Structure formats: C-alpha cells, structure tokens
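[1] only geometry, no sequence info:
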C-alpha cells in the first residue's frame, strides 16, 4: 500500500528467466561440488603409497566425478596390450560370467594406439568397436583418457554409461583429464616407493641367504629358502631352480609351488634353449609371455599347464654357471614388469657368490679333515700298532712257558686276533690317508660320498649312505669305476622318474660279493616304462658275472634296486 491507498506495483521475474537462473545456480553448485570432489580425490591419491590401492582409488574417483555407471583402468604392457585391467561397477559374479578380461583390442586398443581423450555418444558407432562378449552389460556412452607417468603412457581410464542416460560432456572430459594428471603423479610416487621397498626386500633376502650358507647350513636347505623368498617377493606361484649338469644340460633340481614335484629332473631344451636368448647373453635375464608354450622352456609342456608370464635369471659367476632360476605366474596374471625383475640379476649374483664362498669354506674344512686324518693315521701307526705288535711278541714269548694245552691254545688264538686287529687298523690307516694328490685317484668310499652329495642337488634332498666291508682295499679300481657309474645312473633315474622324498644307498662287500643298493619312496616303476637305463646297469653287472634286480621296497611304497657282482679274493 502507498500513502494514497493504492497498491504498489509488484516486481515480478518472468518464469523462463527464473528457471534459467535456478539452472545456473544448480550448475554452479554442481561445478563447485565437482571441484571439491576432484580436490579431495587428488589429495587422497597423493597420500597413498601402495600402488594397487592407488590404481583402485583412481578408477573409483573417476566413476564418482563424472557420474558414470562403469569404469576401468587398463595398464599398458610392453607389447602394447593391456597387462592389467581393473574394472569398477561390475560384480565379481558378473565378471566371472564374462570370462577373460580385455587384452586391448577394439575400442580399448584405440586409446593405446592413439593416446588422447576420446568421447563418444554411442561407442558401437566407432569404427574400432568390436562389440561385447557374452554376459557383458550393455554400454552406450563412452569417455576415455590416457594416464601419463613422466611423459610415458602408463594406461588409460575408461568410463561408460553416464547416469541419467545423457552423454559425457566437455566438462566431464576436463575433470577426467585433470584427474589423470594427478593420477600420473600419484602412480609415479607409488612406483618409486615400491621400487625402494623391493630393493630392500631383495637385499635382506641376499643377506639372509649368505649368512645361512656361511653359518654351515646345508646347500639344499638354503637354496630352498632362496626359492621361497624369491617367489614371495616377486609374487609368483611357481619357482624352479635348474642346475647345470655334468654335460652342461639344465636339469630341474628344486621346485616350489603347486605340482612342483613334476619339475624335478626335467631337462630344458638345448641349442636354442633359455640360455641362447639375447637377454641372457646381455644381463642374464629373460622374460617369457607364456611359459607353457615357449619352446625355449617347454620340453614337456604339460608341467607348465596353467602358467603364463615367467622370468628366468642365471645364477653364476663369470667363471662358473651354476644354474637358472625360473619364476612363473598363473595364466591371466600380469606379466613381470621391468621394475619387478630389475633386482633379480643382482640377487642371483649374490646367491652365486655366496655359493662360491660356501664351496671355499667346505674346501677349507676338507683340508682340515684330511690333516686330522693324517694325524690320526700317524698316531695309530706309531702308537697303537706298535703296542699291539709288542704285546703279540710278548704273548708269543710267554707261550712256550705255558704247559697247559688249553691255555696254550687260547694264547695262540689271542695272538691271531691281535694279528687280525693289526691288519684292520692298517686298512683303516690306508683309508684315512686316502686324500687326492696330483695324479692319484681317491678310493671308493670318498668317491661314493661325492657322488651321493652331487646327486642331492638333483634330488632335492640328501640320500642316506651306508658302506660296509673293506671296499677301499679289496675292490679293484676298474670295479670301483663301475660302482660309481652305477650309483650315478641309479640316482639320476630316481631324480627323473621316482618323485621321491627319501632315498637310501648301500655299498656292501661281504663274503666275496659286492652289492650296491639304491632304494626310494617314490612312485615305483610303471609297467611298460622306459628301461634303457636299467638295461645298461644290468649289462654292467653281467660283464662281471653278476646281476641286477628291481623290486618294490618291502617296508612301503617305492623301489629297491640291487646291483651285485662277485669279487675274486684279494691275493
């Protein structure tokens, strides 16, 4: 009302203009909220150092910021395919029904080939679109943005199905591009942190490995520990150590993982095998995309069924190659990245150096042992034998004063026992003094111990060894050579075919018969299996008038091999 009682004119905003203002306010509020969400996402990514969590956080933030139904981050591998694919918005059950995750073909590969933002109203209309696999949810709108780390394309963000049925707009593209820049920095920081952590874990493993070897732990036990640590650090499901054999072949000696026993005794292909690759020649390292089909490894492909990415590294020094360490992941898992495998050659080199130092330590212990044997042999000769001989002479002198026939007979038997004891001690002295000098051949006991020790690397455990009788003095050198050949071949057969956890070796000379036995707790000899190695052992025995028998172990599963020949009595 005005002073004269008339109504004042009402200031009214037209409805269309009011709607436009409300829309602008709503857009401004939405932009403000989106910028706030983007800032929070950037701050959250910057605080995280675990790479897996960073990648997952990037996709989840992207889906929220552009209001998408589905999102994914594809990590680009060295072969310009997707090495890893992290989807969001698809349940685990649906993912299982869809099957194999994308490898980078079709529209997803378009961003790999041309790393720049791509926005589509209907992705099916793009020339590179290849459709969807069975059980895949329908998708129409699409927005893709590359993620760069230090000017290198790390991967791509893929967003589909804008909520509300609308298309992604330029603002969505700008927000996602900004997030991708922040994501690149966060990924770089996480990778640097992961590299440092990996180096520390490898260094700790190398230190523990060296300490264990130099403290006197068995080589087999320490190698198993090395395999376990390597498998854990690099996140592999299978780890195999191939040892260099007498002829230069690579034979599986130790393995850890599901089905590991199948790898023991497996020989890698020669010629163009794993050692022939340029990577091995350069830095002792080679990566395999699919170990199950790679001809450099898959001499018997069935043992690698279910495994895909693999990495192999040589274990050795410039002077001596000891073997190859192979690590593999299950099919479908990411390939080994350059960051993951970079410390492997250093770790393998440290392991080889530690093994070399352990060999030197054992050589020193062997020298000390031989010196002790020489001292004991001298003491036995200078003290024990001389006193026994003097005692025998005294008894012989006293015997003529004994008139009782039975007492005289007992003295005579005692003198004979002393003579036999002196012979046994002399035989022992010969064995104690049997160490290698230039041009000499070690006796059978020493050679047998060495042969069993060398076989332990192939078997994955140390066989028990039992030796009885005067095998060092009464077994001729040619027969000793046969015994060692039989022993090596029998233990090699156990390593190749038996899948055993225990083995026992016996070398016994009794009543003129030399018997070599090798028993194991493995799977036994299959009907119709290859017998060429056994035929060779049988022929060796028959050449000396002996024989070979193969039978199940009487006390359980496994096999008992017995090789026996008669020996002419020593002259």
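    Cool, got the structure. The structure displayed is predicted, hence computed values, not measured ones. Residues are numbered from 1 along each chain as shown.
[2] For the rest of this, base every contact and every neighbour count on C-alpha atoms.
    Fine.
[3] what mean pLDDT does stretch 478-498 have?
    Predicted confidence along stretch 478-498 averages 88 (mean pLDDT).
[4] do stretch 403-421 as well
    81.
[5] And stretch 339-346, by the same measure?
    So the average pLDDT for stretch 339-346 ends up being 86.
[6] now swap in stretch 550-563 and tell me
    86.
[7] any residues touching it, and which ones?
    The contact list for stretch 550-563 (CA atoms under 8 Å, 6 or more residues apart in numbering) reads 490, 498, 500, 515-525, 537-538, 541, 546-549.
[8] distance between the ends of that stretch?
    End-to-end distance for stretch 550-563: 9 Å, by CA to CA, to the nearest Å.
[9] So among the contacts of stretch 550-563, which ones count as buried?
    Buried members of those, scored by 16 or more other CA atoms under 10 Å, are 490, 498, 500, 515-522, 524-525, 537-538, 541, 546-548.
[10] one step back: can you list which of the contacts of stretch 550-563 are found in strands?
    Among these, DSSP state E puts 515, 516, 517, 518, 519, 520, 547, 548, 549 in strands.
[11] In a helix, residue 309, correct?
    No - using DSSP: H, G, I helix; E, B strand; the rest coil, the assignment for residue 309 is strand, not a helix.
[12] Report the separation between it and residue 215.
    35 Å.
[13] still on that earlier bit, the ones in strands among the contacts of stretch 550-563: which two are farthest apart?
    Greatest spatial distance among the ones in strands among the contacts of stretch 550-563 (CA to CA): 520 and 547, at 19.8 Å.
[14] Looking at residue 309 and residue 215 now, which is surrounded by more residues?
    residue 309 (21 against 10; other CA atoms under 10 Å).
[15] ok, what's across the strand from the nearest residue to residue 552 once chain neighbours are set aside?
    Nearest residue to residue 552 in three dimensions, chain neighbours excluded: residue 559, at 4.4 Å (CA to CA, 6 or more residues apart in numbering). Bridge pairing for residue 559 (DSSP bridges) gives the partners residue 520, residue 552.
[16] What score does residue 21 have for pLDDT?
    pLDDT at residue 21 comes out at 48.
[17] Excluding covalently adjacent residues, which one is nearest to residue 120?
    Closest to residue 120 by CA to CA, 6+ apart is residue 142, at 5.1 Å.
[18] what are the bridge partners for that neighbour, then?
    With DSSP bridges as the rule, residue 142 is bridged to residue 120, residue 160.
[19] Run a quick check on it versus residue 124, I expect a contact.
    No - using CA atoms under 8 Å, residue 142 makes no contact with residue 124, being 9.7 Å away.
[20] more neighbours, those two?
    Neighbour count, other CA under 10 Å: between residue 142 and residue 124, residue 142 has more, with 23 against 17.
[21] What separation do you get for that one and residue 69?
    Residue 142 is 11 Å from residue 69, by CA to CA.
[22] Please identify every residue contacting each of the two.
    Joint contacts of residue 142 and residue 69 (CA under 8 Å, 6+ apart) are 159, 160, 161, 162.
[23] List buried residues within those.
    Buried among the shared contacts of residue 142 and residue 69 (16+ other CA under 10 Å): 159, 160, 161, 162.
[24] Quick check: phi and psi at residue 289.
    phi -70, psi -40 (degrees, to the nearest 10).
[25] Excluding chain neighbours, what is closest to it?
    residue 309 (4.8 Å).
[26] can you pull the pLDDT of the one you found?
    Note for residue 309: predicted pLDDT of 90.
[27] Touching, it and residue 290? I think so.
    Yes - assessed by CA under 8 Å, residue 309 is found in contact with residue 290 at 5.1 Å.
[28] And the helices in the stretch 101-250 of the chain?
    106-113, 170-214, 219-233 (DSSP state H, counting those that start in this stretch).
[29] lowest-pLDDT helix or strand in the chain?
    Across the helices and strands of the chain, mean confidence by mean pLDDT, DSSP states H and E is lowest for helix 278-283: a mean of 56.
[30] Check which helices and strands the helix or strand that it is followed by sits against.
    Sequence order places strand 285-288 as the next helix or strand after helix 278-283, per DSSP states H and E. When contacts are defined as 3 or more CA pairs under 8 Å, 6 or more residues apart in numbering; DSSP states H and E, strand 285-288 sits against helix 278-283, strand 307-316.
[31] Can you give the contact residues for the last one?
    Outside of strand 307-316, the residues within contact range by CA under 8 Å, 6+ apart are 274, 280, 284-292, 321-336, 341, 344-345, 348-349, 351-353.
[32] by how many degrees do whichever helix or strand comes after that strand and helix 219-233 diverge?
    As assigned by DSSP H and E, the chain's next helix or strand after strand 307-316 is strand 321-330. Put simply, strand 321-330 runs at 40 degrees to helix 219-233, going by axes from the mean of the first three to the mean of the last three CA atoms, to 10 degrees.
[33] For strand 321-330, which strands pair with it and how are they oriented?
    strand 238-244 (antiparallel), strand 307-316 (antiparallel).
[34] would TSV of those with distance to residue 137 be doable?
    Compiled in TSV, the strands paired with strand 321-330 are given as follows (distance: least, CA to CA, whole Å):
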stretch	distance to residue 137
strand 238-244	35
strand 307-316	28
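[35] Show me the chain divided up by domain.
    As given by automatic domain parsing, the domain ranges for the chain are 33-194, 216-342, 355-435, 442-571.
[36] residues in contact with the residue nearest to residue 470 when sequence neighbours are not counted?
    Excluding the flanking residues, the one nearest residue 470 by CA to CA, 6+ apart is residue 509, at 6.7 Å. Contact analysis of residue 509 by CA under 8 Å, 6+ apart lists 468, 469, 470, 471, 515.
[37] where are the low-confidence patches of the stretch 1-150 of the chain?
    Residues of the stretch 1-150 of the chain that meet the criterion pLDDT under 70 lie in 1-39, 41.
[38] Which parts of it are strands?
    68-76, 82-88, 118-120, 142-149 (DSSP state E, counting those that start in this stretch).
[39] Same list, those strands, but as TSV with distance to residue 249 please.
    Formatted as TSV, those follow (distance: least, CA to CA, whole Å):
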stretch	distance to residue 249
strand 68-76	37
strand 82-88	33
strand 118-120	53
strand 142-149	43
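[40] quick one: which of the ones you listed is nearest residue 374?
    strand 82-88 (63.8 Å).
[41] okay, now residue 212: neighbour count?
    Quick note: residue 212 (other CA under 10 Å) scores 19 neighbours.
[42] Would you mind measuring from it to residue 221?
    Here the criterion is CA to CA. By it, residue 212 lies 9 Å from residue 221.
[43] likewise residue 368?
    Counting by CA to CA - residue 368 and residue 221 are separated by 24 Å.
[44] just checking, residue 395 touches residue 411?
    Yes - if you go by CA under 8 Å, residue 395 and residue 411 touch, sitting 7.0 Å apart.
[45] More neighbours: the two, which one.
    residue 411 (18 against 15).
[46] contacting residues around the more buried one?
    Counted by CA under 8 Å, 6+ apart, residue 411 has contacts 395, 396, 399.
[47] Could you do residue 214 as well?
    354, 357, 358, 361.
[48] Where does the prediction get shaky in the stretch 251-400 of the chain?
    269-283, 298-301, 362, 366, 370, 381-382.
[49] What segments of it are helices?
    278-283, 338-341, 344-379, 386-399.
[50] Tabulate these (CSV), appending distance to residue 407.
    Shown next, in CSV, are the helices of the stretch 251-400 of the chain (distance: least, CA to CA, whole Å):
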stretch, distance to residue 407
helix 278-283, 80
helix 338-341, 83
helix 344-379, 33
helix 386-399, 9
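[51] closest to residue 234 out of those helices?
    Across these, closest to residue 234 is helix 338-341 (CA to CA), at 6.6 Å.
[52] what angle do the strand or helix carrying residue 409 and helix 386-399 make?
    For residue 409, the element it lies in under DSSP H and E is helix 405-432. Angle between the axes of helix 405-432 and helix 386-399 is 160 degrees (criterion: the same axes, to 10 degrees).
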